[in-house]
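> Sequence and predicted model, in that order:
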Amino acid sequence: MMIEQGTVAAIEQDCLWVATVRRSTCSGCRSEAGCGQSMLARVSGHNPLLRVLLNGHTTDQFTVGDQVDIGVPESLVATGSLVSYLLPLVFLLVFAGIAHHLFASDGITALMALTGLVAGGILLRRFAWLSRDNPRLQPVLITAHSALPLRNPVC
């Protein structure tokens with residue numbers, strides 16, 4: 001399990017929004033200079049927010065600014081990355097292949113390839129929206145470094 005430290009940025013009724021520190025990934029990666037995530041963090045000036053489900057904890061245990069440790073299984077990161085990158089590309093290739101076979105026109109093939117890429121992205125976004133409350137696909141709260149101790153820590 002990959003463990004990241006973050007700061008509670010917002011508290012909702014069923015989850016925490018955590019700004020990750022990104023120490024273990026960005027500063028330790030050899031490709032930090034060419035990484036899109038690192039570049040976006042520098043340009044935007046803030047760290048991305050992760051939605052962390054409470055898993056039985058109550059929101060009164062947390063305040064904005066608390067430090068928390070969250071864990072994400074490595075298999076989830078690998079599978080999520082693979083699906084996120086490959087699904088739109090597969091749709092692009094399938095749509096382009098069908099268009100080329102049916103119309104044999106470069107313009108229509110290119111337009112259908114772009115349509116497939118967008119359709120794959122929309123499908124991926126829809127899946128992410130539908131699985132937002134699935135605890136197997138969300139970061140897990142490991143520990144909290146606040147004044148209020150966790151009543152039921154998740155390990």
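Great, that's in hand.

> For the rest of this, base every contact and every neighbour count on C-alpha atoms.
OK.

> Which residues belonging to the longest helix seen in the chain are considered buried?
Longest helix in the chain, counting residues (DSSP state H): helix 74-103. By neighbour count on 16 or more other Cα atoms under 10 Å, the buried set for helix 74-103 is 84, 87-96, 99-100.

> Would you confirm that residue 67 contacts residue 6?
Yes - applying Cα atoms under 8 Å, one finds residue 67 in contact with residue 6, separated by 5.7 Å.

> more neighbours, these two?
Between residue 67 and residue 6, counted using other Cα atoms under 10 Å, residue 6 has the larger neighbour count: 23 against 20.

> show me what contacts the more buried one?
Counting by Cα atoms under 8 Å, 6 or more residues apart in numbering, residue 6 touches 18-21, 67-70.

> Tabulate the buried residues of helix 74-103 (CSV), appending distance to residue 118.
Formatted as CSV, these follow (distance: Cα to Cα, whole Å):
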residue, distance to residue 118
84, 13
87, 11
88, 7
89, 10
90, 11
91, 8
92, 8
93, 12
94, 13
95, 11
96, 12
99, 15
100, 18
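
> re the thing from before, tell me the helix or strand right after the longest helix of the chain.
Using DSSP states H and E, the next helix or strand after helix 74-103 towards the C-terminus is helix 106-130.

> what's that following helix packed up against?
Here helix 106-130 touches helix 74-103, going by 3 or more Cα pairs under 8 Å, 6 or more residues apart in numbering; DSSP states H and E.

> The helix it packs on: how far from the chain's middle?
Mean-position distance between helix 74-103 and its chain equals 18 Å (Cα atoms, centre = their mean, to the nearest Å).

> how many other residues sit next to the residue nearest to residue 76 when sequence neighbours are not counted?
Closest residue in space to residue 76, ignoring its immediate chain neighbours: residue 137 at 7.0 Å, by Cα to Cα, 6 or more residues apart in numbering. Neighbourhood size, residue 137 [other Cα under 10 Å]: 15.

> pLDDT at residue 137, what is it?
At residue 137, the pLDDT value in this model is 83.

> doesn't residue 131 make contact with it?
Yes - Residue 137 is within contact range of residue 131, at 7.2 Å (criterion: Cα under 8 Å).
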